[in-house]
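J.: Task: produce atomic coordinates for the following.
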Amino acid sequence: MLSRTRFAGNRLVVNAGALMISSLATGLLGLVYWVVAGRCFPAAEVGQASAVISTATALASLSCLSLGGAFQRFLPIAGGRTSGYVIGGYLVVAAAAALLGSGFVLFGFGERILLSSTERITFPLVVIVFAIYALTDPILTGLRQAPAVAVKNVTLSVVKIIPLFLLGATGSALSITGSWTILAGLITVVFVFHALRRAAGHRGESSSELPAPREMLAFQGAFFTMMLVSSTIPLVLPLLVVNELGTTENAYFNLAWTMCTAAGLLRSAVGSAFVVEASQPNAQRPALLRHLRRMLIGVTSVTVAGIAVGGPVVLLIAGREYFEAAGWLMVIMAGTAVIETIVVTYFLIAQLQRRMRLMLITQIVMVTLTVGGTVALIGPLGLAGVGVASLLSSGVALIIVIRPLVNGVREMMSEAPEPTAQVVVG
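T.: Residues are numbered from 1 along each chain as shown. Okay, here's the model as predicted:
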């Protein structure tokens with residue numbers, strides 16, 4: 001016999017574990033990818049390619065229209081509407097990606113990073129592929145298929161390294177971005193079909209627990225606005241580095257920021273699994289919240305050590321110039337990770353309680369301070385200025401959310417437990 005509370009906790013651990021494996025493997029293999037790229041290609045070409053990929057990734061994130069958050073929150077209770085939501089999401093995101101990718105090129109925003117006609121012509125396709133690839137993760141997570149997310153992301157992270165050895169002789173940034181995009185597209189096709197098959201399995205199920213359409217639109221609107229604001233950072237920071245310090249410095253920045261992003265993805269993995277499980281009908285939220293606390297403490301401890309100690313070591317392996325340019329950035333971002341974990345905990349509770357206003361305001365403050373601080377500090381401090389700006393913005397966010405966080409935790413912990421139903425195993 002196994003109590004529903006323990007069963008819910010186990011599901012959270014399994015799904016969060018799969019997403020963390022995905023994030024950790026993706027992050028570590030991402031480091032390997034850029035280290036290999038740095039060895040096989042000139043630093044300037046790596047800097048240009050990383051700027052193109054980070055820009056395409058940011059535009060793809062915008063194209064997803066924050067539907068990932070809504071899928072994780074509402075697919076668990078969508079019932080027979082699941083297939084319609086999934087198909088509609090893919091179509092809308094593909095159209096948005098085509099529009100944003102084309103607009104980025106037509107309005108001349110990519111003149112500094114898209115240096116050939118081939119790069120400019122194919123850039124919208126890169127954004128489309130990246131957008132569909134990204135949207136598949138929250139769809140699979142909302143369908144409680146987190147292990148499939150891990151398989152998908154680890155597979156791409158491994159296979160995309162191989163072309164670097166084969167194409168290094170070209171010395172071209174297009175070889176890096178092109179091989180990445182082609183492989184991502186092939187893998188995306190496989191897992192989109194998998195998601196559609198899983199969604200079809202919910203036909204005939206009740207969707208009575210879905211909130212009213214107006215409330216869902218309000219949730220989506222707040223989440224979209226927050227995503228729109230937060231996407232400014234990965235879109236703007238590489239461009240600021242390129243404009244202020246050059247493409248070579250952006251190669252150093254990209255490797256360091258990739259490690260910081262990987263640490264954040266581990267935390268996001270736990271949060272995504274928590275939202276999905278806590279959104280299930282009759283979810284045991286107090287028990288899940290206790291599991292979340294333990295998991296976040298462990299994940300944050302590991303990531304802080306990884307960023308502060310492992311990060312500079314990886315930079316040194318990549319080259320002494322990488323370490324000298326971005327070593328202090330890693331140390332500063334380790335402190336930022338601790339504060340951000342607390343802020344993200346409030347964001348998770350706000351999603352479950354569908355109280356999005358303060359969450360949105362906090363995100364706007366963080367992005368504004370990060371970008372504005374980078375503009376002011378990158379000149380005198382170099383890449384370390386980006387870290388200082390991030391640390392200051394996280395500190396201000398913590399001040400804003402700490403009291404609502406305490407209140408939200410108290411409310412969730414006081415929720416009445418469900419009847420003591422049992423799940424028979426065996």
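
J.: And the pLDDT at the residue nearest to the spatial centre of the chain?
T.: Taking CA atoms, centre = their mean, the centroid of the chain lies closest to residue 265, which sits 5.7 Å from it. Looking at residue 265, its pLDDT stands at 75.

J.: So it sits against residue 23, correct?
T.: Yes - at 3.7 Å, residue 265 counts as touching residue 23 under the criterion of CB atoms under 8 Å. Just so you know, the C-beta spots here come from the backbone N, C-alpha and C atoms, and that holds for glycine as well.

J.: Roughly how far does the residue nearest to the centre of the chain sit from residue 30?
T.: 10 Å (CB to CB, to the nearest Å).

J.: centre of the chain versus stretch 89-108, how much separation?
T.: Taking CA atoms, centre = their mean, to the nearest Å, the mean C-alpha location of stretch 89-108 is offset from the chain mean by 19 Å.

J.: likewise stretch 231-247?
T.: 18 Å.

J.: Buried ones in the helix ranked longest in the chain, by neighbour count?
T.: Selection of the longest helix in the chain by residue count, based on DSSP state H, yields helix 4-40. Buried positions in helix 4-40, judged by neighbour count with 16 or more other CB atoms under 10 Å: 4-5, 7-9, 11-13, 15-31, 33-38, 40.

J.: Give me the next element, helix or strand, following that helix.
T.: Scanning forward in sequence from helix 4-40 by DSSP states H and E, the next helix or strand is helix 43-63.

J.: Which SSE is immediately downstream of that following helix?
T.: Following helix 43-63 toward the C-terminus (DSSP H and E): helix 67-74.

J.: Give me the angle between that next one and helix 43-63.
T.: Computed with axes from the mean of the first three to the mean of the last three CA atoms, to 10 degrees, the direction of helix 67-74 lies at 50 degrees from that of helix 43-63.

J.: which outside residues touch helix 67-74?
T.: Here helix 67-74 makes contact (CB atoms under 8 Å, 6 or more residues apart in numbering) with 85-86, 89, 92-93, 134-135, 137-139, 141-142, 210-211, 216, 219-220, 223, 227, 272, 275-276, 279, 351-352.

J.: which regions of this structure lie under the pLDDT threshold?
T.: 1-9, 415-426 (pLDDT under 70).

J.: hey, where'd the strands end up in it?
T.: With DSSP state E as the definition, the chain shows strands at residue ranges 2-3, 422-423.

J.: count of neighbours near residue 264?
T.: Residue 264: 19 surrounding residues under other CB atoms under 10 Å.

J.: again with the one 10 residues further on
T.: For residue 274, the tally of surrounding residues (other CB under 10 Å) stands at 26.

J.: Which residue is the nearest non-sequential neighbour of it?
T.: residue 292 (4.9 Å; CB to CB, 6 or more residues apart in numbering).

J.: pretty sure that neighbour contacts residue 267?
T.: No - with contact defined as CB under 8 Å, residue 292 and residue 267 do not form a contacting pair (10.8 Å).

J.: Can you pick out the residue with more neighbours from the two?
T.: residue 292 (25 against 21).

J.: For residue 343, see how far away that one is.
T.: 14 Å.

J.: Next: residue 96.
T.: 28 Å.

J.: just residue 143 next, same as before
T.: 28 Å.

J.: Equivalent analysis for residue 132, please.
T.: 30 Å.

J.: and what of residue 179?
T.: 37 Å.

J.: Compare the two (neighbour count), which wins?
T.: Using other CB under 10 Å, the more surrounded residue of residue 179 and residue 343 is residue 343, with 22 against 18.

J.: Pull the number of nearby residues for the closest residue to that one other than its chain neighbours.
T.: Closest residue to residue 343 apart from its sequence neighbours, by CB to CB, 6+ apart: residue 397 at 4.8 Å. The number of residues packed near residue 397 is 23, by other CB under 10 Å.

J.: pretty sure residue 397 contacts residue 365?
T.: Yes - taking contacts as CB under 8 Å, residue 397 lies within contact range of residue 365: 6.2 Å.

J.: just to revisit the earlier point, the residue nearest to the centre of the chain and residue 303: what is the separation?
T.: Taken as CB to CB, the span from residue 265 to residue 303 is 10 Å.

J.: Ok, residue 66 next?
T.: 25 Å.

J.: Residue 24 now?
T.: 10 Å.

J.: any shared contact partners between these two?
T.: With CB under 8 Å, 6+ apart, residue 24 and residue 303 have common neighbours residue 266.

J.: Can you tell me the closest non-neighbouring residue to residue 45?
T.: Residue 45's closest residue in space is residue 173 (CB to CB, 6+ apart), at 4.5 Å.
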